[in-house]
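Trainee: structure, please.
(one chain, ligands or ions: 1)
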Amino acid sequence: MKILVAVKRVVDFNVKVRVKADGSGADTANLKMAMNPFDEIAIEEAVRLKEAGKAREIIAVSIGSAQCQETLRTALALGADRAILVETQTEVQPLAVARLLKVLICRELPAPGLVMLGKQAIDDDANQTGQMLAALMGWPQATFASKLVVDGLDVQVTREIDGGLETLGFKLPLIVTTDLRLNEPRYVSLPNIMKAKKKPLDITTPEALGIDVRPTLITLKVEEPKTRAAGKRVADVKELVQKLRHEAKVISWKR
Ligand code: AMP
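Mentor: Numbering: from 1, shown residues only. Coordinates of the predicted model:
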């Protein structure tokens, strides 16, 4: 089985992102970039399946600027066998990413049995691409996966849902989106970074794949969350109740 994994280059999760002064978006200039954490989990899961003899080849795909090659090299160092960059300077939104991934999946012969994505990219927090891709492919989808068991063509996926876990059975081919608890990604070793430099990385463009990636959504405004007002000290419970009732207006009095 081939596994295709989508990896997005995003601002490193440790970096505090600031909103641009004109409110048109986040200021990402000169910030440290990294692989989207959920995509690292997807790569790790694919590598574990390969190590367990359940997958033969792992293909990492990224869509974005030429710098995404660094993200793909990290995926190759983590254990992917080859990589594809769809290079564009346009801001590519989830529907366009899903359309591009569909073309790449359909070009692969034999086709991948499993396609893995993160549950969300931590920059746009869209949580849409995997679901849109499943719809475009007409394949089943297992979102928010926290456990994956592959047995031939049968797959069991445990999903994180509100208040518990749900385990579903699928037949391949399948789209899976990863949640945080699926695994803990390994560290990239120096020898593997060196080996990754020699692994194949193909570069194509949306035009070559016949996909129009022009944005269909417009960001109207981005704002920082409001800062919390400083707390107030009260002398006793009586004063606290007074303030909650008359200032904060969070309790009411009924006789
Ligand atoms: P989103 O729907 O934007 O929250 O992204 C969900 C997942 O789709 C990410 O975790 C990635 O696996 C994949 N994805 C989204 N955008 C890209 C991109 N530009 N390149 C590669 N993968 C992407």
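
Trainee: phi and psi next, for D202.
Mentor: The phi/psi pair for D202 (degrees, to the nearest 10) reads phi -90, psi 140.

Trainee: how many neighbours does the closest residue to the ligand within the stretch 151-255 of the chain have?
Mentor: Minimum separation of the stretch 151-255 of the chain from the ligand (CB to the nearest ligand atom) falls at T177, amounting to 6.7 Å. In this view, the C-beta of every residue, glycine as well, is placed from N, C-alpha and C. By other CB atoms under 10 Å, the residues close to T177 number 27.

Trainee: tell me the contacts of the nearest residue in space to K197 that is not next to it in sequence?
Mentor: Nearest residue to K197, sequence neighbours excluded (CB to CB, 6 or more residues apart in numbering): R73, at 7.0 Å. By CB atoms under 8 Å, 6 or more residues apart in numbering, the residues touching R73 are 83, 193, 196-197, 201.

Trainee: distance of R73 from M35?
Mentor: 10 Å (CB to CB, to the nearest Å).

Trainee: picking that back up, from the contacts of R73, pick the one nearest G64.
Mentor: Using CB to CB, A83 is the member of the contacts of R73 that lies nearest G64, at 12.9 Å.

Trainee: just checking, what packs against the helix or strand hosting the closest one?
Mentor: For A83, the host element (DSSP states H and E) is strand 82-87. Judged by 3 or more CB pairs under 8 Å, 6 or more residues apart in numbering; DSSP states H and E, strand 82-87 is in contact with strand 57-64, helix 68-78, helix 94-107, strand 201-204.

Trainee: what about the shortest one, near the ligand?
Mentor: No. Where contact is defined by CB under 6 Å from any ligand atom, no part of strand 201-204 touches the ligand; the two come within 12.9 Å at best.

Trainee: against which helices or strands is that strand packed?
Mentor: helix 68-78, strand 82-87.

Trainee: what about 7 Å?
Mentor: strand 82-87 (3 or more CB pairs under 7 Å, 6 or more residues apart in numbering; DSSP states H and E).

Trainee: is any part of the host helix or strand of L4 close to the ligand?
Mentor: Per DSSP H and E: L4 is located in strand 2-6. Yes. Using CB under 6 Å from any ligand atom, strand 2-6 reaches the ligand at A6.

Trainee: roughly how far is that strand from the heart of the chain?
Mentor: Relative to its chain's centre, strand 2-6 lies at 13 Å (CA atoms, centre = their mean, to the nearest Å).

Trainee: can you list the strands that it pairs with?
Mentor: Paired strands of strand 2-6, with direction, are strand 57-64 (parallel), strand 114-118 (parallel) (DSSP bridges).

Trainee: list, one by one, the residues from the stretch 1-150 of the chain near the ligand.
Mentor: Going by CB under 6 Å from any ligand atom, the residues of the stretch 1-150 of the chain near the ligand are 6-8, 36, 38-39, 61-64, 92, 94, 97, 117-118, 120-121, 124, 126-130.

Trainee: before we move on, back to that, ok, and the most crowded of the contacts of R73?
Mentor: Neighbour tally across the contacts of R73 (other CB under 10 Å): the maximum, 26 neighbours, falls on A83.
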